[in-house]
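S.K.: Generate coordinates for the sequence data below:
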Amino acid sequence: MMAGGTSRNPHGSYESETPASRSAFERAAAVMPGGAKGAYYYAPYPLFFERGDGSRVTDVDGREFLDCANHHTAQILGHNHPAVCEAINSQVGRGVVLGGPTGAETELAEELCGRVESLERIRFCNSGTEATLHAIRLARGVTGRSRIAKFEGGYHGSHDAVEISVAPPLEAAGDRVAPVPVAGVRGLAPGATDDVLVLPYDDVEAAVGLIEAHASELACVLLDPKAGILEPVEGLAEAVSATASAHDVLLIVDEVVAFRLARGGWQQLNEITPDLTTYGKLIGGGFPIGAFGGRAELMDRLDMREGATGFHQSGTFSAHPVAMAAGLATLKELTVEAFQSLEQLGECLADGLSQVAVRHELPLSWVVSGSLFSLYFAEHPPRGYRDLAGCHREWNALLFHQLIERGYYLSHSLAMNAFSLAMEPGDVQGLITAIDESLTALAPSTN
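M.R.: Numbers count the residues shown, from 1 in each chain. Presented below is the predicted three-dimensional model:
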């Protein structure tokens, strides 16, 4: 058990060292409920940042941190990358938005389609949320079916079709092998849960059985590989893909995060060919972006040259020229060698954590996928949502704040962290040392 339990001050010296962040948060909360957005908040208040350069961010109190969160994994090159800044400035000099296509969107589309074998056509939108919304709408329109299947614990954005069983209370979630759909937030459309079949992530046989039993009702299966969050489940992707194909159910792979793993993303590494794929985060070079694409036969339903087909996708800021330019500049930096460098950083972390864990009695575990990683207080890495729910999450804030004190900024949940190409092996070794020291400070008796 952690020395002192969880009754100790979880924030350490945080409040005394961050008066400017506290003042900025109080000002923000007066006009925005709880601050800028829900994902930024953690107790007692979030750090406010003044700037970022390379692998570091500096807060408004002048303290510098190694950034291991990289804006929800989006900043794969680090901050203020020269090539991205040049592309942004060049596009802004020509015009921010011009009321018509500029060709920048064509270049980014060509780059993505050239990288991913399953992408024959692609469309851009403004976020990963919009990407999954449009992909699901397309799947429903093509198949004529209304229900979708998604995996328990999977997050695919904040629209009614998918904000189901993201983090359900276990007492409401039903049987492990046949989960009950649970609304993720209040205010969803009445009956939203009726349109969702929830699948267990860590039971291939049960997931396949549920898809087969409900195939006649399903427009699509939505699969997030949970890269860097959950341990891969052997055979899951292959079985789900084969089952969906056999029953004419469309497979949508959510690579909003997992595209970080290789030049062609997660599906390249796992040799999966989905019908549709959704993207976001890194493909915008730090700007708001989303995209969805796949087989031409599906995507061409959106072609306005075909007349009033009943399918449509647009948006005032979709395919924004600045986001297109920043995204293209980012992707051009992501060579095979770049992904190898990121992979090495992840391997360095996993090796170091293996050595740290044996020195402490606290049940520390981790999941590392390429440059993505998550830390857990559990005896074994989680393989599904029910395992995640069983982790000692009350200890997360303690470790998070210990790492803040040592100059390392992670996701406050300790999940879905990401290294950037601006980092070097020495940065990872520093993080490993900081975790080791933090565990010692939290539980002195475990030395």
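S.K.: Report the residue ranges of every domain in the chain.
M.R.: Structural domains of the chain, as assigned by automatic domain parsing, span the residue ranges 14-76+336-446, 82-333.
S.K.: Determine how far the longest one lies from the middle of the whole chain.
M.R.: When you say that, I think you mean domain 82-333. Put simply, domain 82-333 sits 12 Å off its chain's centre (C-alpha atoms, centre = their mean, to the nearest Å).
S.K.: For it, measure first residue to last.
M.R.: End-to-end span of domain 82-333 (C-alpha to C-alpha, to the nearest Å): 11 Å.
S.K.: same question, stretch 48-68
M.R.: Criterion C-alpha to C-alpha; first-to-last residue distance in stretch 48-68 is 16 Å.
S.K.: Reformat the domains of the chain into TSV and put mean pLDDT and mean neighbour count next to each item.
M.R.: C-beta coordinates here come from the backbone N, C-alpha and C atoms, glycine included. Listed next are those as TSV, based on pLDDT from 0 to 100; neighbours: other C-beta atoms under 10 Å:
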stretch	mean pLDDT	mean neighbour count
domain 14-76+336-446	95	18
domain 82-333	97	19
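S.K.: And the helices in this structure?
M.R.: Under the criterion DSSP state H, the chain carries helices at the ranges 14-17, 19-29, 82-94, 104-115, 128-143, 204-214, 236-246, 266-270, 296-299, 321-333, 336-357, 385-389, 396-405, 425-442.
S.K.: isn't Asn126 right up against Ile289?
M.R.: Yes: applying C-beta atoms under 8 Å, one finds Asn126 in contact with Ile289, separated by 6.7 Å.
S.K.: Overlap in contacts, the two.
M.R.: Overlap between the neighbourhoods of Asn126 and Ile289 consists of His320, taking contacts as C-beta atoms under 8 Å, 6 or more residues apart in numbering.
S.K.: Tell me the spacing between Ala213 and Gln402.
M.R.: According to C-beta to C-beta, to the nearest Å, Ala213 stands 47 Å off from Gln402.
S.K.: go on, Ala83?
M.R.: Per C-beta to C-beta, Ala83 is found 35 Å from Gln402.
S.K.: so what's Ala207 up against?
M.R.: For Ala207, the contact set (C-beta under 8 Å, 6+ apart) comprises Phe151, Leu199, Pro200, Tyr201, Leu236, Ala239, Val240.
S.K.: what residues does stretch 84-94 touch?
M.R.: Looking at stretch 84-94 with C-beta under 8 Å, 6+ apart, the contacting residues turn out to be 77, 102, 104, 285-286, 321-322, 324-326, 328-330.
S.K.: Can you name the residues that contact the closest residue to Arg123 other than its chain neighbours?
M.R.: The shortest distance from Arg123 to any residue that is not its chain neighbour, by C-beta to C-beta, 6 or more residues apart in numbering, is 5.6 Å, and that residue is Gln313. Taking C-beta under 8 Å, 6+ apart, we find Gln313 in contact with Arg123, Cys125, His134, Leu138, Leu302.
S.K.: ok, for His71, nearest residue in space, not its chain neighbours?
M.R.: Spatial nearest neighbour of His71, chain neighbours left out: Gly286 (7.0 Å); criterion: C-beta to C-beta, 6+ apart.
S.K.: Was I right to think the one you found contacts Gln75?
M.R.: Yes: taking contact to mean C-beta under 8 Å, the distance of 6.0 Å between Gly286 and Gln75 places them in contact.
S.K.: Tell me how far Asn89 lies from Ala325.
M.R.: For Asn89, the distance to Ala325 (C-beta to C-beta) stands at 9 Å.
S.K.: residues shared between the contacts of these two?
M.R.: When contacts are counted by C-beta under 8 Å, 6+ apart, the set common to Asn89 and Ala325 is empty.
S.K.: on that earlier part again, now tabulate the contacts of Gln313 in TSV and tack on distance to Phe339.
M.R.: Shown next, in TSV, are these (distance: C-beta to C-beta, whole Å):
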residue	distance to Phe339
Arg123	25
Cys125	26
His134	28
Leu138	30
Leu302	31
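S.K.: so, if you compare these, which one comes nearest to Ile432?
M.R.: Out of the contacts of Gln313, the one with the shortest distance to Ile432 is Cys125. That distance is 38.5 Å, counting by C-beta to C-beta.
S.K.: show me the contacts for the closest one.
M.R.: Listed by C-beta under 8 Å, 6+ apart, the contact set of Cys125 reads Ala131, His134, Ile289, Gly290, Ala291, Phe292, Gln313, Gly315, Ser318.
S.K.: Give me the nearest residue to the residue nearest to the spatial centre of the chain, chain neighbours excluded.
M.R.: Using C-alpha atoms, centre = their mean, the residue of the chain that lies closest to the mean C-alpha position is Val257, 4.0 Å off. With C-beta to C-beta, 6+ apart as the measure, Thr73 is the residue that lies nearest to Val257, at 5.4 Å, once sequence neighbours are left out.
S.K.: residues contacting Ala131?
M.R.: Cys125, Gly157, Val256, Thr278, Tyr279, Gly280, Gly290, Ala291, Phe292.
S.K.: so the fifth one touches Glu255, yeah?
M.R.: In this case it means Tyr279. Yes: when contacts are counted by C-beta under 8 Å, Tyr279 is listed as touching Glu255 (5.7 Å).
S.K.: distance of the residue nearest to His71 from Gly78?
M.R.: When distance is defined by C-beta to C-beta, Gly286 is 10 Å away from Gly78.
S.K.: again, but for Leu133
M.R.: Distance, Leu133 to Gly78, using C-beta to C-beta: 30 Å.
S.K.: Same check on Asp351?
M.R.: Counting by C-beta to C-beta, the separation of Asp351 from Gly78 is 23 Å.
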